[in-house]
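Asker: Quick one: sequence and predicted model below, then my questions.
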2 protein chains.
Amino acid sequence: MHSPASSRSTVRRMARRASYDPDVVFAILDAGLVAHVAFVHDGQPFVIPMAYGRRGSELMLHGAVASRVLSMSDVPMSACVTIVDGLVYSRSAFHHSINYRSVVILGRAREVTAEADKRALLDAMIERMSPGRCAQIRAPNPKELAATRVLALPIEEASAKIRTGGPVEEPGDLDIPTWAGHLPLEMRARPHVALDESATRHPLPALACAIAPH
Amino acid sequence: MHSPASSRSTVRRMARRASYDPDVVFAILDAGLVAHVAFVHDGQPFVIPMAYGRRGSELMLHGAVASRVLSMSDVPMSACVTIVDGLVYSRSAFHHSINYRSVVILGRAREVTAEADKRALLDAMIERMSPGRCAQIRAPNPKELAATRVLALPIEEASAKIRTGGPVEEPGDLDIPTWAGHLPLEMRARPHVALDESATRHPLPALACAIAPH
């Protein structure tokens, strides 16, 4: 059993659904597409969606130099990745639920400024959209690299939470005449849309692991 | 044209993708399944995933009385709903992107305590999982209702952001020999899983509008 890294990163509700095992945390992060990142500005919390990557035990975020990402370096922040896996239909309103896998990370991000590191981290973000893609495209030029800010958030104070399966039912509800169970959901690809005629001469990019084929 | 409600809810980056039109904001909220909610505790921002509903111009959140939802009433908070619509593959690393629809709301939530209001709001959360469902199930009993806290966040200081379509390409990149375009994604249902034999005697629940049929 892995223990939580801190009291504040300890899951309070439905603690039986929680995990602090890095392998569980990393697997969820690797299956997600978007992180929701929270930071505080003038006492007001903001939460915004961001693409992300993972390299080892760091969550990589990037943004334009002109963006609010500026205010996220070396301040307390939180990032959450959630994958919705299904809807749970009970015979009672109270026991309706959602199946999901989520990770919440607390910590401070450091800005990554060394060029080689920045390149490696931006590559990792592309590769998770399509394994092998970096070998086929133009790498960032110096101007593009200078316009991009990269942050690395340690995945240390982190917790995972997972709900699976059907509803819990109260014994007295079992005769209520309605369907009960769960509806599994998946993120599925639809047909690729080529940008132009010349694109159609090349193979389609490999699918990210989190996406079911069309 | 609708204007932002405040300076702090004005989209800074890619402002051409922003909208402050309530109809646009509401349509995105009605198509999502999970909100990411941020609040501050002891100077630390937390972001957690929560089921939600919408009633008019309020976002409804609920949680167990014992949960961290306790700390979310009448303090500055932020909620974000994001729907990932696709992955964008460019011939350059820099122009890779994600298609999405998102809404960010800033504000303070009020706790809803009147029983009739609580019931109506909890019903609205069930109905978005499956239209017509509330008529088929047992409503919350007094104990369940007392164990549930309901918060209403005004959807006033809110902005929507939408990215659609393929990548922007630099003119000099057009001859790079790789596929370019976008991959539309959708949340798709897999086959329903009944909880028990008696559930199979009843019709499947209606699908939420945001979910493509199996």
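Answerer: Received, thanks. Every value quoted in this text rests on a predicted model; they were computed, and no experiment measured them.
Asker: how many neighbours does A:Ile137 have?
Answerer: A count of neighbours around A:Ile137, defined by other Cβ atoms under 10 Å in any protein chain shown, yields 24. For the C-beta atoms, the positions are set from N, CA and C on the backbone; glycine is no exception.
Asker: which residues of chain A fall in helices?
Answerer: Ranges of helices within chain A are A:22-31, A:115-129, A:142-146, based on DSSP state H.
Asker: tell me which residues of the first one are tucked away?
Answerer: Spelled out, it's helix A:22-31. Neighbour counts using 16 or more other Cβ atoms under 10 Å in any protein chain shown place A:Val24, A:Val25, A:Phe26, A:Ile28, A:Leu29, A:Ala31 of helix A:22-31 among the buried residues.
Asker: Now for chain A, the helix or strand with the poorest mean pLDDT.
Answerer: The weakest-scoring helix or strand in chain A, judged by mean pLDDT, DSSP states H and E, is strand A:18-19 (a mean of 87).
Asker: Who are the packing partners of it?
Answerer: When contacts are defined as 3 or more Cβ pairs under 8 Å, 6 or more residues apart in numbering or on different chains; DSSP states H and E, strand A:18-19 packs onto strand A:157-163.
Asker: coming back round to it: which one of the buried residues of helix A:22-31 is nearest B:Ala15?
Answerer: Distance from B:Ala15 was checked for each of the buried residues of helix A:22-31 by Cβ to Cβ. The minimum falls on A:Leu29, at 30.1 Å.
Asker: Excluding sequence neighbours, find me the nearest residue to that closest one.
Answerer: A:Arg54 (5.0 Å; Cβ to Cβ, 6 or more residues apart in numbering or on different chains).
Asker: Quick one, grab the pLDDT at that neighbour.
Answerer: Each residue has a pLDDT score; the one for A:Arg54 is 93.
Asker: May I have the beta-bridge partners of it?
Answerer: For A:Arg54, the beta-bridge partners are A:Leu59 (DSSP bridges).
Asker: ditto for A:Ala152
Answerer: Beta-bridge partners recorded for A:Ala152 (DSSP bridges): A:Met60, A:Arg110.
Asker: Contact partners for it?
Answerer: With contacts defined as Cβ atoms under 8 Å, 6 or more residues apart in numbering or on different chains, the neighbours of A:Ala152 are A:Arg55, A:Glu58, A:Leu59, A:Met60, A:Leu61, A:Ala109, A:Arg110, A:Glu111, A:Val112, A:Leu121.
Asker: wait, A:Val11 sits on A:Ser3?
Answerer: No - contact status for A:Val11 versus A:Ser3: not in contact, 11.9 Å apart, counting by Cβ atoms under 8 Å.
Asker: returning to that earlier point: starting from the least confident helix or strand of chain A, tell me which strands it pairs with and how they run.
Answerer: Under the criterion DSSP bridges, the sheet neighbours of strand A:18-19 are strand A:157-163 (antiparallel).
Asker: what comes into contact with the strand it pairs with?
Answerer: With contact meaning Cβ under 8 Å, 6+ apart, strand A:157-163 is reached by A:4-6, A:8-11, A:14, A:17-22, A:24-25, A:28, A:88, A:97-107.
Asker: what about chain A, any weak spots by pLDDT?
Answerer: Per-residue confidence of chain A (counting by pLDDT under 70) places the weak regions at A:1, A:66, A:68-70.
Asker: OK, contacts around A:Leu61?
Answerer: Contacts for A:Leu61 (Cβ under 8 Å, 6+ apart) come out as A:35, A:37, A:50-52, A:69, A:72, A:79, A:109, A:150-153.
Asker: Just list whatever residues bridge to the spatially most central residue of chain A.
Answerer: Centroid check for chain A by Cα atoms, centre = their mean gives A:Val81 as the closest residue, at 3.2 Å. In this structure, A:Val81 has beta-bridge partners A:Val103, where bridges are defined by DSSP bridges.
Asker: how about it, what does it touch?
Answerer: Contacts of A:Val81 were listed using Cβ under 8 Å, 6+ apart, and they are A:Ile28, A:Leu29, A:Gly32, A:Val34, A:Ala35, A:His36, A:Tyr52, A:Ser102, A:Val103.
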